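**Q** how would this look folded up:
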Amino acid sequence: MLRRLTLGLAAISVAVAVAACNSSTSTNLNIGPNFATSTLYAANTSLNAVAIFSSTTASLTAPSYQIGGSSTTLNAPQYLDFDATGNLWVANYNASTGSSSILQFNPQATGNVLPFATFLGGSLSVPEPRGLSIERAQNLMAITTLNPASIVPSQLLIFSIVGGSPALQEAIGGSATLLNIPTGAAFVSGNAVIVANSGNATVATYTIPTPSPTPVPTATPVATATPVATATPSPSGSPTASPSPVPVATPLNLPPSSAIVGSLTLLGSPRGVAVASNGAIYVADPSAVGIGPAVLVFAANATGNVAPTAIISGSSTGLIAPSDVKIDASGNIYVADSGANKVFVFAPGATGNVAPKASLSVGGTVVGIALSP
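**A** Reported below is the predicted structural model:
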């Protein structure tokens, strides 16, 4: 009960804790062309930008468009995803400065634009956000994070994003979870998230508990009602909340419902993970055991010490340090490679030492990628 109450307090605090510059509709809002479904977005962490590729059918030496510049406040973007309305959410974490935030950009935004909303990592109890995935039908967002100040540093946080403001629904962490330096994440279904753990060579799936209704407290008469502080409009029109400490949730020590782990898996340091429409699990691993940089493919619902059903690796692939992977509706395989500073596109069903059908230069160190809805 105490843990649930703590989570509820965090959700209430997060819903109002938006700084004066944290949410805005900007006069320098640039709207790009009507990007098609499955337009590729790539986080360029070294140039503080998001690269946009309007075509991925041929090799490109530069992005078609980008979101970048001082107004964006992008600061070492990591992983990213889209919500049901097409808003782009980006996890920022700069290890050299300790700065962290979750940014939300309007659909089709390009150029040096202000984010529609900014949620500071400290306000969300997300000091080092890495992986980010959104379940569009349920309006849920999963973020993997390292919290050095916590007794449980490696955590998976689940937020409700109904209304556009993240409200903490569940914090998962502890020895039973197998979470260990979690990076990429992907929703398997409306209530299950699969996570790549680079610290212990494990890809684990977590079934999210259904949140319990928050009990309504019994009213206690008081002599004088305490006035409720009202938000003061900022120059940009966004509310400014009075500073208040955010209660730290006690993580739920939830064992994974399944886990791919063991010597047969060849997992070395998995970074990115994706689930195809047929349920197949794709893992981007820069140091697969005995192979090196690779994309490992596992059967749907794979668990335990199982071998991959397919492996993309070898000199022809161009892979140096794959960091993320996505699959489109046609089965094309997109692999972000932070060593090559490129996104490679492989044909559906690709396996072995095969050349990509397209190579897309990001222009800096790419970490996460996303396909627009």
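**Q** For the stretch 1-150 of the chain, just list every one of the helices.
**A** 2-16 (DSSP state H, counting those that start in this stretch).
**Q** what about it, any weak spots by pLDDT?
**A** 1-32 (pLDDT under 70).
**Q** where exactly do the strands run in it?
**A** 30-31, 40-44, 49-53, 65-68, 77-82, 88-94, 99-105, 109-110, 117-120, 129-135, 140-146 (DSSP state E, counting those that start in this stretch).
**Q** And the stretch 151-300 of the chain, by the same measure?
**A** 154-160, 167-172, 182-189, 192-197, 202-207, 232-233, 239-240, 258-260, 272-275, 281-288, 292-298.
**Q** out of the ones you listed, which comes closest to residue 329?
**A** Distance to residue 329, taken as Cβ to Cβ, is lowest for strand 272-275 among the strands of the stretch 151-300 of the chain, at 12.7 Å. Bear in mind the C-beta positions are built from the backbone N, C-alpha and C, glycine included.
**Q** State the mean pLDDT of that closest one.
**A** Averaging pLDDT along strand 272-275 yields 99.
**Q** shift numbering so it begins at 57
**A** Sure thing, new numbering starts at 57, so read that last one as strand 328-331.
**Q** ranking the strands of the stretch 207-356 of the chain by mean pLDDT, which is last?
**A** Among the strands of the stretch 207-356 of the chain, strand 295-296 scores lowest, at a mean of 31.
**Q** thinking again about what came up before, turn the strands of the stretch 207-356 of the chain into CSV, columns for mean neighbour count and distance to residue 153.
**A** Shown next, in CSV, are those (neighbours: other Cβ atoms under 10 Å; distance: least, Cβ to Cβ, whole Å):
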stretch, mean neighbour count, distance to residue 153
strand 210-216, 24, 21
strand 223-228, 24, 24
strand 238-245, 24, 20
strand 248-253, 26, 25
strand 258-263, 23, 30
strand 288-289, 10, 28
strand 295-296, 18, 24
strand 314-316, 23, 34
strand 328-331, 26, 24
strand 337-344, 25, 25
strand 348-354, 24, 29
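**Q** Residue 368 is nearest to which of the strands of the stretch 57-206 of the chain?
**A** Per Cβ to Cβ, nearest to residue 368 of these: strand 96-100, 17.8 Å.
**Q** what number of residues lie near the spatially closest residue to residue 377 that is not a sequence neighbour?
**A** Leaving aside its sequence neighbours, residue 377 sits nearest to residue 395 (Cβ to Cβ, 6 or more residues apart in numbering; 3.2 Å). Neighbour count of residue 395, defined by other Cβ atoms under 10 Å: 15.
**Q** just residue 111 next, same as before
**A** Using other Cβ under 10 Å: residue 111 sits among 12 other residues.
**Q** Please apply the same query to residue 386.
**A** Counted with other Cβ under 10 Å, residue 386 comes out at 9.
**Q** just residue 413 next, same as before
**A** Count around residue 413 with other Cβ under 10 Å applied: 16.
**Q** In this structure it contacts residue 402, no?
**A** Yes. Judged on Cβ atoms under 8 Å, residue 413 makes contact with residue 402 at a distance of 6.6 Å.
**Q** Taking the centroid of this protein, which residue is nearest it?
**A** residue 188 (1.0 Å; Cα atoms, centre = their mean).
**Q** if I look at that one, how far off is residue 380?
**A** 11 Å (Cβ to Cβ, to the nearest Å).
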